[in-house]
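Student: could you work out the structure for the sequence below:
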Amino acid sequence: MPASPKDAPLWDVVKRATYDALHKVAIWIQENSTTSDLVGRRDTWPNWEQLFGVRTESDILAVYQYVEISEISDLMDIIDVRPVVREKFAIPVPNPDGTEGDTKIMRHEVAMIPLTLAENYVALYGQTTADDDKLVKLYEPYESYLLGENEKDLRANITVPILGANLEQAGQVDGNSIIRIDSRWNPIFTNVAADGYDLETMRKAKVSLRMANATVRVEGFGSLHYAYPSQESDDAIARFFEALAIEAPGPTTWVQVAIEPCNWSAKFNRSGGSTTVTLRRDFATRIDAVYRRGLYDPYNLNDDQSNLILADQELLKHSNKSIRVAARRLARARCRPDGDDRIIDLCIGLEALLGSGFSETVHRLSMRAAVLLSKLWGISSAEVYKATRDLYALRSRVVHGDTKPYGETMLNLDGVPIHASRFATAALASLLKRLIGDEEFDPARPTVYLYCI
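Tutor: Numbering: from 1, shown residues only. Next comes the predicted model:
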């Protein structure tokens, strides 16, 4: 027997509105079709615009006024006094002076609750006579959506295609894993609104980050339903690509994310638990970062490296702020098309690890870099010291607007010429690999740490 709804007053209004929708569907069936034709066949369904509402030209956010469905006003009123539910259906209304005013509940999104229930009920059971037990069972995932608190109760399996690197499949670390983009996922990730050039690059993604039972944020219920990673999950994605920047030799990024609901459902015209895909607004810029000058050659990482990346992702979760700043700047720098911009990001990252305050001198930073990197690289500390000082001299010219020919951005390391941004990238990545899991490292006292290693 189906469990009783958790919010009985809300369910009572939803049920009455659904009964009315089913009654109108029954009338339409009598005039246009037969019940048997509708079972499992949404393509034969009436146009909701014609059946339940009229086009509204004056208010584009209303789309359709579902004036013929009873109880919609009551449903809006009961949602209005439930903050957790209301948040999903409210949009800000600007004041005449352009400032943000009060929020307004989207009527057409509220109407999608009984409409979706009615549609799925007839499609599943082939009848318009409501059975309370069947209807309340069908309502369960929708109630979980309505009553679930954003970024806490509402959870989903999140899948993020990786652009720029091919990783081996890896086991779970804190619910995160690497999976292949197979025949199931390919059509999901390529059925997005993007031009041919961008779609071609998206199709090159072979693997994805999989985050199980992660928190999400949602809004709407019908045509404006939207699901995306919560702040917590978004930070986990960022940490993964920061870890990838530490281990991979080049730029990597992501442009879309798939959300598979865990025991909740929304979205008009979708069956329960359907996967939704969100494309980032800046997807084209991100694609260009890993597809420069028409060349796309993803980096191949073996299973050991893949597992190490997941481990680094978890370590970054518990790292101090200086480590996170450095990792974030490294990830940004790898995707920068301009060498001078990369140098600025990388120097900020180096200072986060090697500096102990705003008054830090280039001499002290260079000394600390020399001690650590000479041991990690097995070269003369004097060579590292000189290269680091030269890097900061270049960084100073860049931030003060000085322009120099490309050749003057070359440094000399142990007798080998190396571009300044390549030296800075290697230095920051090496330091992060050394320090990311070291509990003894205190960014506020880097000199003390150096004496202890």
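
Student: now do the longest helix anywhere in the chain, average pLDDT.
Tutor: Using DSSP state H to define each element, the chain has its longest helix at helix 8-32. For helix 8-32, mean pLDDT rounds to 87.

Student: give the buried residues for it.
Tutor: 10-11, 13-15, 17-26, 28-29 (16 or more other Cβ atoms under 10 Å). For the C-beta atoms, the positions are set from N, CA and C on the backbone; glycine is no exception.

Student: same thing with stretch 423-440?
Tutor: 423-432, 434-436.

Student: then stretch 339-350?
Tutor: 339-340, 342-350.

Student: so what strands line up beside the top strand by length along the chain?
Tutor: Longest strand in the chain by number of residues (criterion: DSSP state E): strand 207-219. Sheet pairing of strand 207-219 (DSSP bridges) gives strand 155-161 (antiparallel), strand 176-180 (antiparallel), strand 226-229 (antiparallel).

Student: for stretch 72-92, C-alpha coordinates in PDB please.
Tutor: Extracted as PDB, the C-alpha positions of stretch 72-92 are listed here (Å, rounded to 0.1, in the frame of the first residue of the first chain):
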ATOM      1  CA  ILE A  72      -4.600  26.300  -9.400                       C
ATOM      2  CA  SER A  73      -5.100  29.400  -7.400                       C
ATOM      3  CA  ASP A  74      -5.500  27.300  -4.200                       C
ATOM      4  CA  LEU A  75      -2.300  25.400  -5.100                       C
ATOM      5  CA  MET A  76      -0.400  28.700  -5.600                       C
ATOM      6  CA  ASP A  77      -1.600  29.900  -2.200                       C
ATOM      7  CA  ILE A  78      -0.600  26.800  -0.300                       C
ATOM      8  CA  ILE A  79       2.800  26.800  -2.000                       C
ATOM      9  CA  ASP A  80       3.200  30.500  -1.100                       C
ATOM     10  CA  VAL A  81       3.300  29.700   2.600                       C
ATOM     11  CA  ARG A  82       5.800  26.800   2.300                       C
ATOM     12  CA  PRO A  83       9.300  28.400   1.800                       C
ATOM     13  CA  VAL A  84      11.100  25.200   0.700                       C
ATOM     14  CA  VAL A  85       8.500  24.600  -2.000                       C
ATOM     15  CA  ARG A  86       8.000  28.300  -2.900                       C
ATOM     16  CA  GLU A  87      11.700  28.700  -3.600                       C
ATOM     17  CA  LYS A  88      11.400  26.400  -6.600                       C
ATOM     18  CA  PHE A  89       8.600  28.300  -8.200                       C
ATOM     19  CA  ALA A  90       9.500  31.900  -7.500                       C
ATOM     20  CA  ILE A  91      11.300  34.400  -9.700                       C
ATOM     21  CA  PRO A  92      12.400  38.000  -8.800                       C
END
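
Student: ok, residues contacting that stretch?
Tutor: Residues from elsewhere that reach stretch 72-92, judged by Cβ atoms under 8 Å, 6 or more residues apart in numbering: 7, 9-10, 13-14, 16-17, 61, 66, 100-107, 109-111, 113-114, 145-150, 218-221.

Student: next one: stretch 433-446
Tutor: 246-247, 312, 315-316, 319-320, 322-323, 327, 352-356, 368, 372, 376, 448-449, 452.

Student: check which residues of the longest strand of the chain are buried.
Tutor: For strand 207-219, by 16+ other Cβ under 10 Å, it's 207-212, 214-219.

Student: stretch 98-114 now?
Tutor: Buried-residue list, stretch 98-114, by 16+ other Cβ under 10 Å: 105-114.

Student: which one in those residues is the model shakiest on?
Tutor: Lowest confidence among those: H108, with 80.
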